[in-house]
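Undergrad: sequence isn't available, so here's the structure alone:
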């Protein structure tokens with residue numbers, strides 16, 4: 001890299017009332033003194049889909065190559081993108097047990113978006129008081145409540 005990349009911190013979380021059930025996702029993007037909060041929901045989804053969606057929606061907002069520190073409380077997301085995805089791709093999107101990878105389309109979207117940036121993936125224990133994770137969780141749950149209010 002011969003140019004200085006913008007440094008972005010992203011915190012993401014997904015939530016689901018019932019699994020499957022009503023779900024929400026939340027993300028916070030921080031660049032210097034600027035903070036953007038985003039969230040969304042789905043009436044029939046899973047927690048893993050919401051975790052992936054939060055990361056995808058956050059990365060999709062970045063319009064140029066960035067240095068990203070992305071913090072999630074989802075081992076599914078972190079391990080999937082850093083450890084499992086290369087084997088899935090080389091095995092034709094099959095797991096080690098020869099079964100189709102769940103949420104393949106979302107993994108493909110995440111893989112494409114992640115390839116555009118330098119990303120450090122960090123995991124934190126959920127509901128442990130980490131400020132970014134707690135806010136992302138709050139956003140995800142507020143998104144669920146908005147569906148319930150309709």
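TA: Right, received. Where do you want to start? As the structure is a computational prediction, the values presented were derived from the model and not from experiment.
Undergrad: may I see the buried residues of the host helix or strand of residue 89?
TA: Residue 89 is part of helix 85-90 when elements are defined by DSSP states H and E. Neighbour-count burial for helix 85-90 flags 85, 88 (criterion: 16 or more other CB atoms under 10 Å). (Glycine included, C-beta is placed from N, CA and C.)
Undergrad: same question for stretch 67-83.
TA: Per 16+ other CB under 10 Å, stretch 67-83 contains these buried residues: 68, 69, 70, 71, 72, 73, 74, 76, 77, 78, 80, 81.
Undergrad: chain center to that stretch, what's the gap?
TA: 7 Å (CA atoms, centre = their mean, to the nearest Å).
Undergrad: same check on stretch 128-141?
TA: Distance of stretch 128-141 from its chain centroid, counting by CA atoms, centre = their mean, is 13 Å.
Undergrad: what sits up against that stretch?
TA: 9, 11-15, 23-28, 30, 37-39, 50, 54, 71-73, 124, 126-127 (CB atoms under 8 Å, 6 or more residues apart in numbering).
Undergrad: buried among those residues? Make that a ChimeraX selection.
TA: Here is the ChimeraX command that selects the buried residues among the contacts of stretch 128-141 (16+ other CB under 10 Å):
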select :9,11,12,13,14,15,23,24,25,26,27,28,30,38,39,50,54,71,72,73,124
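Undergrad: let's see which of the contacts of stretch 128-141 end up in helices.
TA: 50, 54 (DSSP state H).
Undergrad: the most centrally placed residue in the chain and residue 33: what is the separation?
TA: By CA atoms, centre = their mean, the chain has its centre lying nearest to residue 55, at 2.3 Å. From residue 55 across to residue 33, the span is 23 Å (CB to CB, to the nearest Å).
Undergrad: cool, residue 61 as well?
TA: 17 Å.
Undergrad: likewise residue 145?
TA: The gap separating residue 145 from residue 33 is 29 Å, by CB to CB.
Undergrad: okay, the two: which has more neighbours?
TA: Shown here are residue 145 and residue 33; by other CB atoms under 10 Å, residue 145 has more neighbours (12 against 5).
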